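> Structural data only, the sequence is not supplied:
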């Protein structure tokens, strides 16, 4: 009996497909668990929220982190997603010689509306397996910030859901508080 299996692409395969034109230059895709995933278009609320997060974290940085918005993160040889916002450890070359790795991460943020199911079911376990210590999912459907901590093989051991009136505080920077109501205002 023949058992069907999926072919898993590596990050190297993924880049080769782009170089040879298999993936067009304007393709909005990311590699997750060896599968090439189409990314949803970014609506105004989603895009504006990413801008707002960048502004908030830029104002509070004081050189302690680099803000990376919608850029690749190499989780392993089969995954290179493009999170909405990452707070990265400072690097002398600003990550021009390689994409960030999980150990370069202070905080990863996904802004989710149409992608909330994929972010929770697919990306969170991948981020947990990679050892990313803290992930926020800004859930635009529920107007919440979900804070995930205590990474492990299938995801995270701790989940806190914050609503307007609460503050999201990164574990690595307890002096930085993001007002959830202000963040999610239209």
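Noted; the coordinates are in hand. All of these numbers come straight from a predicted model, not from anything done at the bench.

> Can you show me the helices along the protein?
11-19, 44-60, 116-118, 124-130, 180-183 (DSSP state H).

> Student question: in this protein, what's the helix or strand with minimum average pLDDT?
One helix or strand of the chain scores below all others by mean pLDDT, DSSP states H and E: helix 116-118, with a mean of 88.

> Identify each buried residue in that one, please.
Across helix 116-118, burial judged by 16 or more other C-beta atoms under 10 Å covers 116, 118. Where you see a C-beta, it was placed from the backbone N, CA and C, and this is true even at glycine.

> That helix: how far from the chain's middle?
12 Å (C-alpha atoms, centre = their mean, to the nearest Å).

> what about stretch 173-186, start to end distance?
End-to-end distance for stretch 173-186: 26 Å, by C-alpha to C-alpha, to the nearest Å.

> Run through who's touching it.
With contacts defined as C-beta atoms under 8 Å, 6 or more residues apart in numbering, stretch 173-186 is touched by 45, 49, 52-53, 56-57, 60, 64-65, 87, 106, 138, 140, 143-145, 162-170.

> List the buried residues for it?
173, 176, 178, 180, 183-184.

> and the most centrally placed residue in the chain, what are its phi and psi?
Closest residue to the average C-alpha location of the chain: residue 83 at 2.7 Å, with C-alpha atoms, centre = their mean. Dihedral pair for residue 83: phi -60, psi 160, per degrees, to the nearest 10.

> residues contacting the closest residue to it other than its chain neighbours?
Spatial nearest neighbour of residue 83, chain neighbours left out: residue 108 (5.0 Å); criterion: C-beta to C-beta, 6 or more residues apart in numbering. Contacts for residue 108 (C-beta under 8 Å, 6+ apart) come out as 73, 83, 85-87, 127, 132, 134-136.

> List only those of the contacts of stretch 173-186 flagged as buried.
49, 52-53, 56-57, 60, 65, 87, 106, 138, 140, 144-145, 162, 166, 168, 170.

> Touching, residue 152 and residue 128? I think so.
Yes: counting by C-beta atoms under 8 Å, residue 128 is a contact partner of residue 152 at 5.7 Å.
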